[in-house]
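Undergrad: Prediction below, plus the sequence it came from.
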Amino acid sequence: MTHLRIFDEAGGAPLTDTRDAVAIADALAPIGVRFEQWPSRPLAADAGQDEVLEAFAPEVERLKAENGYQSVDVIRMVPDHPEKANLRTKFLSEHRHSEDEVRFFVEGEGLFTLREGERIYAVLCEEGDLISVPAGTRHWFDMGPSPRFTAIRLFTNADGWIANFTGDAIADRFPRHEPAEA
Ligand SMILES: CSCCC(=O)/C(O)=C/O
Ligand SMILES: [Fe+2]
Ligand code: NI
């Protein structure tokens, strides 16, 4: 279930811990993060990029119109992806983007952790969740040891995913996505 924990940068127990979608959206809004839940759509298990984008076209078009996103694609990760360990390590390094990071989880899950001021926001996103992380926000992402997700990505820059790594190992001090079933 979608889950938000907010920690102090120094560590310790969560200051906030909620699985309530409205409370999650309200807690993220002050740091400029958009969190929404979109209604699910019937999709075949092997649906390709075109079918996925068609199913969520109304919501995607709304975001494009509101925020000027230029390109859209679909990323899919499965537990036997040959590059899963390298990809996990890459996304686990704290980084920023020069554009908003906008992701909608069509299926599966992943843990976004955002750093703003002295607070750390760990947001476990699941099927039906949209998260938009503002340009410049320090963050990392954990897909876990046995990744499974399909996500729509919206970009302002037609060149797609570009990250500026901070070189800070802070991600090592906060929870990973290690589901018990993995
Ligand atoms: C759900 S896609 C996550 C990977 C990614 O694009 C990113 O920038 C993580 O921070
Ligand atoms: Fe990112
Ligand atoms: Ni889980």
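TA: Perfect, thanks for sending it. Ligands and ions are numbered 1, 2, ... in the order given.
Undergrad: Going by neighbour count, list what's buried in stretch 68-83.
TA: Within stretch 68-83, the residues that qualify as buried are 69, 72, 74, 76-77, 81, counting by 16 or more other C-beta atoms under 10 Å. Backbone N, C-alpha and C define where each C-beta goes, glycine included.
Undergrad: Could you report the neighbour count for whatever residue of the chain ends up closest to ligand 1?
TA: Residue nearest to ligand 1 within the chain: F141 (3.4 Å; C-beta to the nearest ligand atom). Per other C-beta atoms under 10 Å, the neighbour tally for F141 reads 23.
Undergrad: And the one 5 residues further on, by the same measure?
TA: Applying other C-beta under 10 Å, we find 16 other residues in the vicinity of S146.
Undergrad: again with R96
TA: R96, neighbours per other C-beta under 10 Å, totals 17.
Undergrad: which SSE is G110 in?
TA: strand 101-116 (DSSP states H and E).
Undergrad: what's that strand packed up against?
TA: helix 57-67, strand 119-126, strand 129-133, strand 138-142, strand 149-155 (3 or more C-beta pairs under 8 Å, 6 or more residues apart in numbering; DSSP states H and E).
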